[in-house]
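Peer 1: Pasted the sequence and its predicted model underneath.
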Amino acid sequence: MMDLYATDREVKHLEQGLTDLVAQEHLDEMLKLAWHLRQRDSSKALALCEQISNLLNNSNRSDTDKALVYLRLQLIRAEEKWLHADLEGAAAIVQAILRHPDVHLDPASLSDAHRMLGFVFSDQGKHVECDIEMAISIDEASKADDILRKQCTAAALARVAVLRDDKLAKSYFDRHFESRSPPKEIHAGLAALMNDFLGLHAGLNGQLEESVVFLSKAYEQCLESGQIRRAILTAANIGYNYSNANDFESALEWLQKALKLAKPTGWSPSIGNCLMQIGDTLRKMGSLDAAEQMLHESLEQLAKLTNSRNYALTISVLADVALDRRDYHLALNLFTQLAMLPGAQEQADLQETASLGQAKAQAKLKSPARETNANKTAVLVAKR
């Protein structure tokens with residue numbers, strides 16, 4: 001059975017065990033390495049997939065064995081498309097995997113396919129479909145008695161749900177995990193997911209210092225377990241916490257760290273999120289021109305993800321920039337647009353932001369005495 005995550009040490013051991021020779025006896029090790037490089041180095045992972053495919057064509061393995069290798073290769077290719085925001089391409093591959101007659105012979109691939117489809121649905125703003133796919137993934141891992149895969153997916157589902165309903169997500173998390181904190185002896189991949197959830201939950205409930213502690217642990221554990229996309233997001237969320245605490249120097253330090261990690265990957269969702277959060281911090285610092293430039297760059301990166309939460313967040317920050325500029329017509333239009341975006345549906349914080357933002361803009365437009373003091377600071381709505 002293919003493990004969901006591997007530590008850097010395990011990956012290094014795999015790499016050292018493979019010579020430059022491409023041989024049939026190395027096929028399984030090459031497949032394992034390609035899987036665990038899927039986010040660490042997706043280009044190298046895809047190159048390995050091609051080598052493995054060539055080996056497979058000339059292999060004397062049974063048709064069933066060949067099919068199971070093929071399914072794992074397709075999961076790597078689907079994840080690479082997801083990382084680059086080719087959501088339709090990723091979904092098409094995964095749905096083909098789920099229709100394959102032999103997929104039920106590999107519970108790990110079946111569970112992974114449903115989880116990947118859940119992540120795709122999440123980025124498409126299809127929250128109900130996402131939750132269903134994640135629940136199926138957990139169920140398939142349970143049937144195979146794959147406890148680590150089951151727990152990782154359960155933590156990931158709670159993490160996906162926390163921004164929609166943090167109390168419900170916490171109750172769901174508590175059903176799967178006895179302790180509030182991960183045990184000392186736990187796989188880095190699972191610890192990363194648990195700490196990421198606990199950090200976000202603490203931040204949503206105003207416990208910013210506690211949130212930073214959890215998220216800082218998650219960041220290191222994400223890197224250690226090859227969850228690079230989540231590491232980028234976690235670093236950005238640490239920056240968000242510092243920004244909320246008006247510690248803008250620390251905020252920009254973490255956001256630049258996230259962007260530095262994201263840029264070499266070319267993953268537009270990750271880069272767009274970093275740019276959006278940097279733009280929000282610059283706005284709070286009063287650098288409106290620089291903020292607006294970052295936000296428009298973010299929208300360019302998120303052009304394929306107009307149904308996503310991050311796209312909605314970028315519109316929200318642009319609306320706040322319009323408030324800061326006292327362009328209340330534009331602010332009203334942007335907050336109205338925000339309320340209707342797919343990425344803001346079932347997102348309690350964004351719906352509240354849209355409602356309060358519209359009310360503020362309308363109040364300013366109806367007011368007989370507009371603000372004339374250019375130095376007066378507008379009261380803005382905090383976002384996530």
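Peer 2: Thanks, I have it.
Peer 1: so which strand or helix has the spatially most central residue of the chain?
Peer 2: For the chain, the residue nearest the mean C-alpha position is residue 230 (5.4 Å; C-alpha atoms, centre = their mean). If you go by DSSP states H and E, residue 230 is part of helix 228-244.
Peer 1: any idea how far that helix is from the chain center?
Peer 2: 11 Å (C-alpha atoms, centre = their mean, to the nearest Å).
Peer 1: ranges for the helices of the stretch 201-350 of the chain?
Peer 2: Along the stretch 201-350 of the chain, counting by DSSP state H, counting those that start in this stretch, helices occupy 208-225, 228-244, 248-262, 268-284, 288-301, 309-324, 328-340, 348-366.
Peer 1: Show me the shaky parts of the stretch 101-250 of the chain.
Peer 2: 178-184 (pLDDT under 70).
Peer 1: right, and residue 74 touches residue 93 too?
Peer 2: Yes: contact criterion C-beta atoms under 8 Å: residue 74 and residue 93 qualify, at 5.5 Å. Yep, even glycine has a C-beta here, placed from its N, CA and C like the rest.
Peer 1: ok, these two, which is more surrounded?
Peer 2: Under the criterion of other C-beta atoms under 10 Å, the comparison of residue 74 against residue 93 puts residue 93 first, with 24 against 19.
Peer 1: That one and residue 57, how far apart?
Peer 2: 19 Å (C-beta to C-beta, to the nearest Å).
Peer 1: residues making contact with the lengthiest helix in the chain?
Peer 2: Longest helix in the chain, counting residues (DSSP state H): helix 63-83. The contact list for helix 63-83, computed with C-beta atoms under 8 Å, 6 or more residues apart in numbering, reads 2, 27, 31, 34-35, 38-39, 42, 45-46, 49, 52-53, 56, 59, 61, 87, 89-90, 93-94, 96-97, 100, 102-103, 105-106, 109, 112-113, 116, 119-120, 123, 229, 265, 267, 269-270.
Peer 1: Just after it, pick out the following helix or strand.
Peer 2: That would be, after helix 63-83 and using DSSP H and E, helix 87-99.
Peer 1: Who are the packing partners of that following helix?
Peer 2: helix 63-83, helix 107-123 (3 or more C-beta pairs under 8 Å, 6 or more residues apart in numbering; DSSP states H and E).
Peer 1: Which strands or helices does the helix or strand just after the shortest one pack on?
Peer 2: Helices and strands here follow DSSP H and E; after helix 107-123, the next one along the chain is helix 127-143. Using 3+ C-beta pairs under 8 Å, 6+ apart, the elements in contact with helix 127-143 are helix 107-123, helix 147-161.
Peer 1: can you give me the angle the shortest one makes with helix 127-143?
Peer 2: Using axes from the mean of the first three to the mean of the last three C-alpha atoms, to 10 degrees, the direction of helix 147-161 lies 170 degrees away from that of helix 127-143.
Peer 1: Buried residues, helix 147-161. List them.
Peer 2: Neighbour-count burial for helix 147-161 flags 149-161 (criterion: 16 or more other C-beta atoms under 10 Å).
Peer 1: now the first one
Peer 2: Neighbour counts using 16+ other C-beta under 10 Å place 107-123 of helix 107-123 among the buried residues.
Peer 1: would you list the helices and strands packed on helix 87-99 in JSON lines and tack on distance to residue 344?
Peer 2: Below are the helices and strands packed on helix 87-99 laid out as JSON lines (distance: least, C-beta to C-beta, whole Å):
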{"stretch": "helix 63-83", "distance to residue 344": "21"}
{"stretch": "helix 107-123", "distance to residue 344": "14"}
